[in-house]
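> Provide a 3D model corresponding to the input given below.
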Amino acid sequence: MSTSLDSGWFTEVFDSHGSAFSLKVTETLHEVQSPYQHLAVYATETFGNLMVLDGCVMLTDRDNFLYHEMIAHPALFTHADPKRVVIIGGGDCGTLREVLRHPGVDRVTQIDIDEEVTRAAERFFPSLTASNDDPRAELLFADGVKWIEEAADDSVDVLIIDSTDPVGPAEGLFKTDFLRRCHRVLRAGGVLVQQSESPLYHSGSIIRELRRDMGEAGFDSVATLPFPQPVYPSGWWSVTLAGKGADVTSFREAAVVATEMPLEYYTAAAHRGALALPPFMRRLLED
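Numbers count the residues shown, from 1 in each chain. Okay, the predicted model is just below:
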């Protein structure tokens, strides 16, 4: 992967797949080197503000709802009655906002190692951080892997791994030992969800390995849900759910239909459709 900012265009090049994604940039709004990564925010011509970490597109105003809704709501509606939710990563706070739409949730703790991401989101993506003052929310700037190591057994209902790609600060979040610790922390009936990269580029590698590792970590069921994400590699992304005594291939469909949440993408039909993997994915995941 490589990036460039040339002639007013931000371009992220995916060398291993011979592809690239570009956005027309009108202004550099913010740039900082944190202790963990390089962060930049650009104004774009058609996608609103753009956040980039270490040269990788993280989110834009225009399409972030796709990712944030799909990493949050399938897991929350799969769990029978989620009360205690933990988010590892998610410093832009968009996932936190979506979780807090669920009135039955009593407490949400978000643990992100890089405070600069949250501060940038507050300035340049204020709609994502609008729920940060909710009394049910707790924001910690710490090592999520270490937090899980120290967390009590059987203490969390839904665990959301809202990480960047499995390199740098997020590398440890894709390891089998970490998944075993997640399994320990979840209560019976608990649900884990993790962003799992591109179905088109990574079904036969990262996604297949993650699903295998989830099984080895003790999870009873696994489901990968693909969805569109124009600014990510291939324009197609996924999350993978794992259940601890919970069947993640089914969900509380009637509750989804009845919800009055102001959602832009997630619906019961979208959830059902995402569970119905296309043949090429089934083949690659089973090889």
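
> hey, let's count contacts and neighbours off CA atoms from now on
OK.

> Helix, strand, or coil at the closest residue to residue 62 other than its chain neighbours?
Leaving out its chain neighbours, the residue that sits closest to residue 62 by Cα to Cα, 6 or more residues apart in numbering is residue 47, at 4.9 Å. Recorded secondary structure, residue 47: coil (DSSP: H, G, I helix; E, B strand; the rest coil).

> Am I right that residue 47 is in contact with residue 59?
No: the criterion here is Cα atoms under 8 Å, and residue 47 misses it with residue 59 at 9.6 Å.

> the more surrounded of those two?
More neighbours surround residue 59 than the other of residue 47 and residue 59, with 25 against 16 (other Cα atoms under 10 Å).

> how far away is the more buried one from residue 281?
The gap separating residue 59 from residue 281 is 25 Å, by Cα to Cα, to the nearest Å.

> all strands of the stretch 151-287 of the chain, in order?
Taking DSSP state E, counting those that start in this stretch, the strands of the stretch 151-287 of the chain run over residues 156-162, 186-195, 221-228, 236-244.

> actually the stretch 1-150 of the chain, not the one I wrote
Going by DSSP E, counting those that start in this stretch, the stretch 1-150 of the chain shows strands at 2-6, 9-14, 19-33, 38-44, 49-53, 56-60, 84-89, 107-111, 137-140.

> Give me the sheet partners of the longest one and which way each runs.
Spelled out, it's strand 19-33. Its sheet considered, strand 19-33 pairs with strand 9-14 (antiparallel), strand 38-44 (antiparallel) by DSSP bridges.

> and the angle from it to strand 56-60?
In terms of direction (axes from the mean of the first three to the mean of the last three Cα atoms, to 10 degrees), strand 19-33 departs from strand 56-60 by 80 degrees.

> cool, the fifth one as well?
Taking the same axes, to 10 degrees, one finds that strand 49-53 is oriented at 150 degrees with respect to strand 56-60.

> circling back to that earlier point, could I get the strands of the stretch 151-287 of the chain as TSV with mean pLDDT, distance to residue 7 and mean neighbour count?
Output for the strands of the stretch 151-287 of the chain, formatted as TSV (pLDDT from 0 to 100; distance: least, Cα to Cα, whole Å; neighbours: other Cα atoms under 10 Å):
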stretch	mean pLDDT	distance to residue 7	mean neighbour count
strand 156-162	98	33	27
strand 186-195	98	33	24
strand 221-228	98	28	22
strand 236-244	98	27	25
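
> Ok, which of these comes nearest residue 116?
Nearest of these to residue 116, taken as Cα to Cα: strand 156-162 at 16.2 Å.

> which strands and helices sit next to the closest one?
helix 64-78, strand 84-89, strand 186-195 (3 or more Cα pairs under 8 Å, 6 or more residues apart in numbering; DSSP states H and E).

> Would you mind extracting the C-alpha trace of that strand into CSV?
This file holds the C-alpha atoms of strand 156-162, laid out as CSV (Å, rounded to 0.1, in the frame of the first residue of the first chain):
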residue,chain,number,x,y,z
VAL,A,156,-19.3,-8.2,28.7
ASP,A,157,-22.4,-8.9,26.5
VAL,A,158,-21.1,-7.5,23.1
LEU,A,159,-17.5,-6.9,22.2
ILE,A,160,-16.8,-4.8,19.1
ILE,A,161,-13.3,-4.8,17.6
ASP,A,162,-13.4,-1.6,15.6
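
> Throw the helices and strands packed on strand 156-162 into CSV and include distance to residue 176, thanks.
What follows is the helices and strands packed on strand 156-162, written out as CSV (distance: least, Cα to Cα, whole Å):
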stretch, distance to residue 176
helix 64-78, 20
strand 84-89, 16
strand 186-195, 13
